[in-house]
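Asker: Here is my input; please provide its structure:
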Amino acid sequence: MSTPTTAASGGKSTKNDSAKFGASFAPSFTLNLSQNKTNNAGGGGGSRGSVPAQGGRGGHSEALLPPPEFTSPADVRNYCNHLRAVMVQVSFEVAMGAEILKGVLSTVPDPEGRVGGSKVRAWKVSRKLGKAADAAASAAKNAAATYAAFQQAYEEEINRVRHRARRPQGPRMDWAQQ
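Answerer: Residues are numbered from 1 along each chain as shown. This is a model prediction of the structure:
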């Protein structure tokens with residue numbers, strides 16, 4: 001690591017002077033997502049890399065989302081909530097990756113020696129990763145909006161079942177006993 005320029009060193013700066021390139025920030029973090037679900041319908045060996053006998057993604061440990069089995073409003077809600085949660089986390093991680101990439105690439109000197117050229121090149125490259133982070137955040141918003149649209153479009157069916165499920169539990173007259 002280089003030392004900053006001081007008056008005692010005669011004003012000479014080294015090649016990697018921190019004043020020339022700016023401070024870099026490269027935090028180290030890990031995102032661990034796990035889904036604990038028991039699936040006994042898969043058939044044969046329980047090895048980590050095995051594919052369920054039915055084809056499809058459902059039940060294997062690498063799946064970030066539940067299987068798309070939309071048999072009830074709760075399934076739709078759970079799928080949309082899981083998708084939103086995953087995409088929010090992905091969005092944060094990709095945005096952080098874009099900033100780290102921009103910081104790392106901005107330290108590479110410009111081949112033509114242009115002032116600020118290294119930062120411009122780094123911005124152009126990392127901008128695409130930033131757009132990917134924005135798209136992941138947009139996917140999270142759309143997942144939440146999907147469930148809201150589902151509730152609005154199927155309000156009548158949901159309320160019909162909801163009212164039937166909430167019958168009053170008070171004392172009832174039994175007309176059969178006389």
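
Asker: Moving C-terminal from the longest helix belonging to the chain, which element do we reach first?
Answerer: Secondary structure of the chain read by DSSP state H shows that its longest helix is helix 117-153. Counting by DSSP states H and E, the next helix or strand C-terminal to helix 117-153 is helix 155-165.

Asker: Only alpha carbons, please: show that next one as CSV.
Answerer: Provided in CSV are the C-alpha atoms of helix 155-165 (Å, rounded to 0.1, in the frame of the first residue of the first chain):
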residue,chain,number,x,y,z
GLU,A,155,-62.8,-10.0,-4.7
GLU,A,156,-66.2,-11.5,-5.2
GLU,A,157,-64.9,-15.1,-5.1
ILE,A,158,-62.6,-14.4,-2.1
ASN,A,159,-65.4,-12.8,-0.1
ARG,A,160,-67.9,-15.6,-0.9
VAL,A,161,-65.5,-18.2,0.6
ARG,A,162,-64.4,-15.9,3.4
HIS,A,163,-68.0,-15.3,4.6
ARG,A,164,-68.8,-19.0,4.4
ALA,A,165,-65.8,-19.9,6.4
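
Asker: Now do it, average pLDDT.
Answerer: Across helix 155-165, the average pLDDT comes to 76.

Asker: Next, the contact list for residue 79, please.
Answerer: By CB atoms under 8 Å, 6 or more residues apart in numbering, the residues touching residue 79 are 65-66, 68, 70. Just so you know, the C-beta spots here come from the backbone N, C-alpha and C atoms, and that holds for glycine as well.

Asker: Please enumerate the helices of this protein.
Answerer: 18-21, 73-105, 117-153, 155-165.

Asker: Same list, these, but as JSON lines with distance to residue 176 please.
Answerer: JSON lines is the format used below for the helices of the chain (distance: least, CB to CB, whole Å):
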{"stretch": "helix 18-21", "distance to residue 176": "89"}
{"stretch": "helix 73-105", "distance to residue 176": "36"}
{"stretch": "helix 117-153", "distance to residue 176": "40"}
{"stretch": "helix 155-165", "distance to residue 176": "23"}
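
Asker: Quick one: closest of these to residue 174.
Answerer: Closest to residue 174 of those is helix 155-165 (CB to CB; 20.9 Å).

Asker: Show me the contact partners of that closest one.
Answerer: Contacts for helix 155-165 (CB under 8 Å, 6+ apart): 73, 151.

Asker: the inter-axis angle of that helix versus helix 73-105?
Answerer: If you take axes from the mean of the first three to the mean of the last three CA atoms, to 10 degrees, helix 155-165 sits at 120 degrees to helix 73-105.

Asker: now helix 155-165 and helix 117-153, what's the angle there?
Answerer: With the same axes, to 10 degrees applied, the angle from helix 155-165 to helix 117-153 works out at 60 degrees.

Asker: Now helix 155-165: buried residues?
Answerer: By 16 or more other CB atoms under 10 Å, helix 155-165 has no buried positions at all.

Asker: Cheers, nothing more for now.
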